[in-house]
Structure formats: C-alpha cells, structure tokens
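S.K.: When you get a sec, could you give me coordinates for this:
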Amino acid sequence: MFDLSTVYKELLASDEGDIRVKLKDGKQLNIISFLIKNRSPIFKTMLESSMQEPATGVVDLSSQYSLEAFREFMAHIYYNKQYTGSYVPLLFEILCITDYYVVEAYKSYISDRIIKLITNVPVCLTIAFEALKHGTLTSEIYAKCLGFLVEAVKPRKHICYDEDSEDSKAWCCSDHSKKNKESPRSYRDFDYGSYPDGYTVNGQVACIESTLRKKHGYGVGQVGGYTQRCCTHGPKRTAPTLVNISDLPDFIVDDVTSAKK
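M.R.: Sure thing, here's the model as predicted:
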C-alpha cells in the first residue's frame, strides 16, 4: 500500500529541495518549500514575501541551530515524526525551533517530554540549567524543576522496611496485601503456633501473621510478629533527603530556598 509518510521521509533523507538552510558549524540542509510553508506560518510568510530568502533560495540560521536539531524539526514538518529521545540540550533546541516557527502542537509535545524527564535530581538540574537560558518560553519547565527540588530537599516521609527489603511488601501489615501471593489457608484449620507460608518470610513470621491471628482469636505462638519491619506497628523510619540544599549548584539554590517558603 502507498505510504505518503515514507515518501516524505525519503525526500528529507535525500537532501533535495529548492531552499538551502545554512546551519551551525558550516552544515546545511536542503528542504522543499511547498512542504514547509504549509506547516508553519513563519515559513509561509517568508517564502511568499519579497524577502531575500525566496529570491536567493537560502535561509541563514548558521548562528542559531544545529543540523541535528533542525533535521529533527524538519522530520516533524515532513512526516509528523516526534522526537522520543532524552538528550536534554537537543530537546531544548527543538523546542526553540518550534517556538520560532510557530508549530504549536509539536512545541507542546516537546515541552511535555522535557517535563516528563524530571524524575531525579541530576536530570532535573540539567533541565533547570537549560530552562534558565530561554526566559518565558521555558518558565513552566523551570517551575516544575523547582517543585521537584523543593520536595527533594525535604526529609522524606515515613518509610517501611519493605522499601529496602529484598522481599518487598512481605513483612508488614499495611503493605503485605499489595504483594502478589497465593491465598493463605483458612484460619479455621490452624493449630496453635502454626503459620501459613503466605505470612512468613524466610521462615520467620511476619507482623501481619500475628495481627491476623489475634483478630481471629488465636494465640500468636512462640514467635511474635516481626514488628521492627512493620510500617504499622514497628519503629518509625524516616529516609534521608534526596539532596541537601547546600549541595545544589549556585544558579538554583536561591530559587529553591525561596520556593520552600
């Protein structure tokens, strides 16, 4: 079956076109004017006006964009490709191109993709550093970074042993029900001091076992519940912060401090 997107993809790869775009580092890309002017109001105005670009067939962006970023942008213009990578500087460069040429849907996509990458402190700082370079265009992205870092410098909330156990969600009363397991046997048939496999961990009785035995009127046997590993009945544990505010780079520490207030 005829696939128009494949044709456009091959056209872009062929580097053929009536417009030559000069890019950074002496690179260039040839593009087809009738394709691009129908996807961008800026290109349309430029190529249908008396400006020098249609007369010379040259668009000079040699001080603005790299070939890699502009080719990714053109891939969207030609055949609706969306960049799915996670290289932060390239994402911001594509974002700037979409803003300049007023391709709003792709601009929103790239912005959302950047925000979705804010999942850990190092990447967040990289994104925040890039976002500061572009003012109001990336103000929402920078705000998301600040929000993430404000939470990161706070002491983390109470955690259960299960968070750093090799047998997650096995020991405690609150989390045990979230663990995939076979249903334990009926308590009706239990003997005093016996424990179903579903409520033991490495041969030791979990806190949930003693809790349920008490609930059903049975004794807890010779081994009490393993409460020190239970987030309901055990000692409260607070995890350290993800990052200390004193360890943040100078470019953002004041903004994080202000955002905390």
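
S.K.: which residues in the stretch 151-261 of the chain form helices?
M.R.: Secondary structure of the stretch 151-261 of the chain by DSSP state H, counting those that start in this stretch: the helices cover 207-215, 250-260.

S.K.: distance of residue 59 from residue 39?
M.R.: Computed as CB to CB, to the nearest Å, the residue 59 to residue 39 distance reads 15 Å. No exception for glycine: its C-beta is placed from N, CA and C like everyone else's.

S.K.: same deal with residue 24?
M.R.: Relative to residue 39, residue 24 is positioned 23 Å away (criterion: CB to CB).

S.K.: cool, and residue 68?
M.R.: 20 Å.

S.K.: Likewise for residue 83?
M.R.: In this structure, residue 83 and residue 39 are 16 Å apart, going by CB to CB.

S.K.: Kindly report the same for residue 108.
M.R.: 15 Å.

S.K.: So these two - more neighbours on which side?
M.R.: residue 39 (17 against 12; other CB atoms under 10 Å).

S.K.: ok, the more buried one touching residue 103?
M.R.: Yes: under the contact definition of CB atoms under 8 Å, residue 39 touches residue 103, with a separation of 6.7 Å.

S.K.: list residues touching both of those two?
M.R.: Among the neighbours of residue 39, those also in contact with residue 103 (CB atoms under 8 Å, 6 or more residues apart in numbering) are residue 77.

S.K.: Out of the helices of the stretch 151-261 of the chain, flag the one nearest residue 147.
M.R.: Nearest of the helices of the stretch 151-261 of the chain to residue 147, taken as CB to CB: helix 250-260 at 7.4 Å.

S.K.: Mind giving me the packing neighbours of that closest one?
M.R.: Contacting helix 250-260 under the criterion 3 or more CB pairs under 8 Å, 6 or more residues apart in numbering; DSSP states H and E are the following elements: helix 121-131, helix 139-152.

S.K.: rewinding a little: need the helices of the stretch 151-261 of the chain in TSV (columns: mean pLDDT, mean neighbour count and distance to residue 119).
M.R.: Listed next are these as TSV, based on pLDDT from 0 to 100; neighbours: other CB atoms under 10 Å; distance: least, CB to CB, whole Å:
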stretch	mean pLDDT	mean neighbour count	distance to residue 119
helix 207-215	76	21	32
helix 250-260	93	14	17
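
S.K.: Go through these and name the closest to residue 115.
M.R.: Nearest to residue 115, of all these, is helix 250-260, at 16.5 Å by CB to CB.

S.K.: what angle do that closest one and helix 139-152 make?
M.R.: With axes from the mean of the first three to the mean of the last three CA atoms, to 10 degrees applied, the angle from helix 250-260 to helix 139-152 works out at 70 degrees.

S.K.: Give me the contact list for helix 250-260.
M.R.: Helix 250-260 is contacted by residues 125, 128-129, 132, 145-147, 149-150, 153, 245-246, 248 when judged by CB under 8 Å, 6+ apart.

S.K.: which of those has the most neighbours?
M.R.: Ranked by neighbour count under the definition other CB under 10 Å, the contacts of helix 250-260 are headed by residue 145 with 28 neighbours.

S.K.: hang on, it packs against residue 126?
M.R.: No: with contact defined as CB under 8 Å, residue 145 and residue 126 do not form a contacting pair (9.4 Å).

S.K.: Tell me where this structure is predicted with low confidence.
M.R.: The chain contains residues with pLDDT under 70 at 1-2, 156-169, 177-198, 202-203, 218-225, 237-240.

S.K.: which parts of stretch 80-99 are buried?
M.R.: For stretch 80-99, the buried set under the neighbour-count rule, 16 or more other CB atoms under 10 Å, comprises 81, 83, 88, 90-99.

S.K.: can you give me the strands in the stretch 151-261 of the chain?
M.R.: Taking DSSP state E, counting those that start in this stretch, the strands of the stretch 151-261 of the chain run over residues 158-159, 200-201, 204-205, 237-238.

S.K.: now do the stretch 1-150 of the chain
M.R.: Using DSSP E, counting those that start in this stretch, strands in the stretch 1-150 of the chain cover 19-22, 28-31, 58-60.

S.K.: want to throw these into JSON lines with distance to residue 215 and mean neighbour count?
M.R.: As requested, the strands of the stretch 1-150 of the chain are exported to JSON lines (distance: least, CB to CB, whole Å; neighbours: other CB atoms under 10 Å):
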{"stretch": "strand 19-22", "distance to residue 215": "73", "mean neighbour count": "19"}
{"stretch": "strand 28-31", "distance to residue 215": "71", "mean neighbour count": "18"}
{"stretch": "strand 58-60", "distance to residue 215": "75", "mean neighbour count": "17"}
